[in-house]
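>>> No letters, just coordinates:
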């Protein structure tokens, strides 16, 4: 049986940061990690959008933004 762990917490409590550190540690142990995260992009105290972060390559690409950005996907309030 494969163990499963559920990570919960309030917004901005560090859940994604914890997972990024865990993934980096696992990679140093020789494991292959695949998947992605969608971290928020902030300007000051306001969320202005989201990016897609590839866990394996750490490549970051715009996903959605508030405002006049050249992307098909928009973020509303």
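Arrived safely. All values derive from a computational prediction rather than experimental measurement. Numbers count the residues shown, from 1 in each chain.
>>> Just give the number of residues close to residue 2.
Counted by other C-beta atoms under 10 Å, the residues lying close to residue 2 total 3. Where C-beta positions appear, they are placed from N, C-alpha and C, glycine not excepted.
>>> low-confidence ranges in this protein?
Counting by pLDDT under 70, the chain has low-confidence residues at 68-71, 73-77.
>>> mind redoing it with 80?
Along the chain, the model assigns pLDDT under 80 to residues 67-77.
>>> Can you list the residue ranges for strands in it?
Listed in chain order, the strands of the chain (DSSP state E) span 36-37, 40-43, 46-54, 60-65.
>>> Which one, of those strands, ends up nearest to residue 8?
For the strands of the chain, proximity to residue 8 was assessed by C-beta to C-beta; strand 36-37 is nearest, at 16.1 Å.
>>> in its sheet, what does the closest one sit against?
Its sheet considered, strand 36-37 pairs with strand 46-54 (antiparallel) by DSSP bridges.
>>> for residue 67, what are its contacts?
Neighbour list for residue 67: residue 48 [criterion: C-beta atoms under 8 Å, 6 or more residues apart in numbering].
>>> Distance check, it against residue 49.
The spacing between residue 67 and residue 49, counted by C-beta to C-beta, to the nearest Å, is 8 Å.
>>> Ok, residue 24 next?
Distance of residue 24 to residue 49, computed by C-beta to C-beta: 24 Å.
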